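**Q** Let's see this in three dimensions:
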Amino acid sequence: MTSLPQASAEALATSQALSQHIAAEIAAADGWIPFSRYMELALYAPGLGYYAAGSAKLGAAGDFTTAPEMSTLFGATLARQIAELLPQTAGVIYEFGAGTGKLAADILQKLEQLDALPARYVIIDLSADLIERQQTLLRERLPHLLDKVTWLSTLPDTLDGIVIGNEVLDAMPCEMLLHDGRHISQRGVSLEDGRFVLTERALQDTTLTELAQSLIPAIAGYGSEISLTNRAFIRTLAERLTRGALLFIDYGFPAHEYYHPQRHMGTLIGHYRHHTLTDPFYLPGLMDLTCHVDFTAIAETGLAAGLDLIGYTSQAQFLLNAGITDELALLDPEDVRHYVPQSAAVQKLCSPAEMGELFKVIGFGRGISIDWIGLIQGDRCHTL
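**A** Numbers count the residues shown, from 1 in each chain. From the prediction side, this is the model:
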């Protein structure tokens, strides 16, 4: 860990305060909390968690880079898909976890060019710090469209429009499971000599037990994750979606790949200053924690809730279908300073060796057309 960038004294103080907060909750719960609860606190504890405190998270100064931070063409290409679907709804876009606000700005800018602006653009975010950054960015880039954007911290009772989420599902708390060759245990967090450690307890939740028994390979030492939060989130969206679409982009696999016998270490990882870490307890509150998405679970949950599964494909296929190369062609190749980095970003977004294959796109609909430009070719629903 000595080679990792040093945190400031202020950041370390925040991390220590969060650690004390989590330790107090562990003590109040007889010395053990599920890992999902630890992850929830590490990411979202008010004023202290990773997404609730004021550290830079995205871009060169942050801990990781997302597609919207890499290229404006990502948002412009999503806007092409949204423009096709938006008129079939009440004209509202709902974005979850909007990061710096760059994706919202890029989408709105392109929709304005297409003469297809939404009636409203609703950002649903739990981070007061990120909301402030989003407002600042949109005020600087699109001041004339700021009145179309509203911010909410809770989900509306009904949704009629296009719901989008880029790298949202992976940031939701997950349960950690461990098979010892005979039984599956639930992993949680305890304290030993003042330090957080992973410890196991017998499964008690019926739903989690059934899922674990159906998904976790009976291999001694096999560890993996199951996200009940993801499933609940999709169910809630389905319950409230009266008409429209759900479009999620994230990294993950179908279940048969996710729970492959060789993936015995699971998928949980931490991101700290562009370093990937496997220790979930490194500087709580200063490190992002993520878990890859089980897209089979997402698809099954949406279908069970009465949504139409429109399609599932790789990020590369979706972006190429929706016209990212057309967006690149709109740029001036003579403007080398702008064109070259944008071209390189498109390569990274679409390359199978980069983000193009690991990231997937899944789309659901209700009461709208099932023909989406982004999912017109290369559908992989048969692999779920």
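**Q** contacts and neighbour counts: CA atoms only from here.
**A** Will do.
**Q** how many other residues sit next to residue 240?
**A** For residue 240, the neighbour count with other Cα atoms under 10 Å is 14.
**Q** typo on my end, it should be residue 322
**A** 23.
**Q** so who does the closest residue to it other than its chain neighbours touch?
**A** Distances taken as Cα to Cα, 6 or more residues apart in numbering put residue 374 closest to residue 322, at 4.4 Å, once the chain neighbours are dropped. With contact set as Cα atoms under 8 Å, 6 or more residues apart in numbering, residue 374 has these partners: 81, 317-322.
**Q** Whichever of those residues end up buried, select them in PyMOL.
**A** Restricted to the buried members of the contacts of residue 374, where burial is judged by 16 or more other Cα atoms under 10 Å, the PyMOL selection command reads as follows:
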select buried, resi 81+317+318+319+320+321+322
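**Q** pLDDT score for the residue nearest to residue 322?
**A** Among the per-residue scores, residue 374 holds a pLDDT of 98.
**Q** Give me the phi and psi for it.
**A** Main-chain torsions, residue 374, degrees, to the nearest 10: phi -70, psi -20.
**Q** What is the burial count for the closest residue to residue 333 other than its chain neighbours?
**A** Here the nearest residue to residue 333 in space, its sequence neighbours aside, is residue 339; by Cα to Cα, 6+ apart that works out to 5.6 Å. Using other Cα under 10 Å as the criterion, residue 339 is surrounded by 17 other residues.
**Q** helix or strand for residue 339, which one?
**A** Element membership for residue 339 (DSSP states H and E) is helix 336-350.
**Q** Tell me who's in contact with residue 40.
**A** Applying Cα under 8 Å, 6+ apart to residue 40 gives the contacts 172-173.
**Q** Name the SS class of it, please.
**A** Secondary structure state of residue 40, per DSSP: H, G, I helix; E, B strand; the rest coil, is helix.
**Q** for residue 332, same thing?
**A** With three-state DSSP as the basis, the three-state label of residue 332 is coil.
**Q** pLDDT at it, what is it?
**A** In this prediction residue 332 is given a pLDDT of 94.
**Q** Name the residues that touch stretch 143-157?
**A** Identification of contacts with stretch 143-157 by Cα under 8 Å, 6+ apart yields 118-126, 131, 138-139, 240.
**Q** If you could redo that for stretch 262-270, that was the one I meant.
**A** In contact with stretch 262-270 (Cα under 8 Å, 6+ apart) are residues 221-225, 276-280, 287-292.
**Q** If anything else comes up later, I'll come back, but that's it for now.
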